[in-house]
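[1] Make a model of this:
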Amino acid sequence: MNFFSKLFGKKNTQEEKKIRSNRDSISTVSKTVTQKEEDHELYPFLSQIDYEGLIPNNFIVPFLDHYNSDEPKVVISYVTSTQDDLWMLDSNDQTEEQFRLIMDTAQINIEKLELKYTTQKVFDHKVIGFQRHTFTCEKILDQNFMIHIQKELNADSILVSIPRRSKMLICDQGAEETIKSKFMNFHYATYLSDEEDIEQICEDIFVIKNGEIEGVLYMNQDHKKN
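    Coordinates of the predicted model:
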């Protein structure tokens with residue numbers, strides 16, 4: 001098992017599903033959710049704005065803008081899960097009430113998702129690595145989970161890395177500079193790695209305190225390893 005695998009865990013092919021554009025409209029999904037909300041596998045889905053799985057009329061919400069720009073860089077779309085695939089939701093001719101139902105149900109489901117995690121010895125136990133799952137990165141949207149991890153690290157605030165699908169690392173922002181530098185270098189190496197077969201999500205690192213995003217450390221191609 002290589003260094004990347006030790007931190008992120010082995011790929012779970014049963015949990016990392018293919019992404020497709022939904023053949024049905026969001027209204028069909030909305031009716032299903034209304035009928036039996038607790039059984040409907042509906043989740044938020046983070047991606048870059050130019051992710052090839054997005055199509056016109058996808059239901060998306062901006063998550064992160066480009067530096068010094070109002071143009072979305074990372075967005076939240078919504079997917080419904082089948083046994084083998086994830087289907088992107090279409091937003092044609094939908095009401096605000098239907099949008100709200102989709103968002104609320106997806107949020108409930110991501111909060112219910114349980115992830116295994118371990119502190120990392122190579123980072124002097126100031127960094128936590130997480131089980132690989134299709135929706136690992138989307139746990140950044142779970143405020144209570146972020147608060148829990150902050151407490152696990154005994155931190156005042158945390159740095160959250162979601163460089164690629166199913167991969168997340170979290171570091172104590174109060175850790176020594178050498179540890180934070182190693183964490184940031186590892187984040188960026190994961191984002192840029194040519195060996196990865198899963199899509200990039202975010203090259204930047206989020207600063208989170210008490211479950212809320214307080215800032216963003218914007219990275220760029222001039223990033224230097226220390």
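[2] CA only for contacts and neighbour counts going forward, please
    Noted.
[3] mind checking which helix or strand of this protein has the lowest mean pLDDT?
    Of all helical and strand segments in the chain, the minimum by mean pLDDT, DSSP states H and E falls on helix 3-8, at a mean of 43.
[4] who are the neighbours in contact with the residue nearest to the spatial centre of the chain?
    Taking C-alpha atoms, centre = their mean, the centroid of the chain lies closest to Cys137, which sits 2.3 Å from it. Contacts for Cys137 were tallied using C-alpha atoms under 8 Å, 6 or more residues apart in numbering; they are 46, 162, 165-168.
[5] List just the nearest of the residues you listed to Phe130.
    Phe130 lies nearest to Met168 out of these, by C-alpha to C-alpha, at 6.1 Å.
[6] That closest one is in contact with Val127, isn't it?
    No: with contact defined as C-alpha atoms under 8 Å, Met168 does not reach Val127; the gap is 10.5 Å.
[7] which residues do those two both contact?
    By C-alpha under 8 Å, 6+ apart, no residue touches both Met168 and Val127.
[8] low-scoring stretches of this structure, by residue?
    Along the chain, segments meeting pLDDT under 70 span 1-40, 55-57, 82-84, 93, 195-196, 221-226.
[9] Longest strand in it, please.
    Assignment by DSSP state E gives strand 72-81 as the longest strand of the chain.
[10] quick one, helices of the protein?
    For the chain, the helices defined by DSSP state H cover 3-8, 26-35, 96-112, 143-152, 177-192.
[11] how about the ones you listed in a markdown table, adding distance to Val207 and mean neighbour count?
    Listed next are the helices of the chain as a markdown table, based on distance: least, C-alpha to C-alpha, whole Å; neighbours: other C-alpha atoms under 10 Å:
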| stretch | distance to Val207 | mean neighbour count |
| --- | --- | --- |
| helix 3-8 | 20 | 14 |
| helix 26-35 | 33 | 16 |
| helix 96-112 | 20 | 16 |
| helix 143-152 | 11 | 18 |
| helix 177-192 | 12 | 18 |
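[12] okay if I get these as a markdown table plus distance to Ile208?
    A markdown table is the format used below for the helices of the chain (distance: least, C-alpha to C-alpha, whole Å):
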| stretch | distance to Ile208 |
| --- | --- |
| helix 3-8 | 20 |
| helix 26-35 | 31 |
| helix 96-112 | 17 |
| helix 143-152 | 8 |
| helix 177-192 | 15 |
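[13] Of all the ones you listed, which one comes closest to Glu199?
    Ranking these by their distance to Glu199 (criterion: C-alpha to C-alpha) puts helix 177-192 first, at 9.0 Å.
[14] Show me the protein divided up by domain.
    Listed by automatic domain parsing, the domain ranges of the chain are 3-11+114-217, 18-112.
[15] which of those domains sits most buried?
    Highest mean neighbour count of the domains of the chain: domain 3-11+114-217, a mean of 19 (counted as mean count of other C-alpha atoms under 10 Å).
[16] roughly how far is it from the heart of the chain?
    Offset of domain 3-11+114-217 from its chain centre (C-alpha atoms, centre = their mean, to the nearest Å): 10 Å.
[17] Just grab the bridge partners of the nearest residue to Asn109 once chain neighbours are set aside for me.
    Spatial nearest neighbour of Asn109, excluding adjacent residues (C-alpha to C-alpha, 6 or more residues apart in numbering): Tyr43 at 6.3 Å. With DSSP bridges as the criterion, Tyr43 is bridged to Val79.
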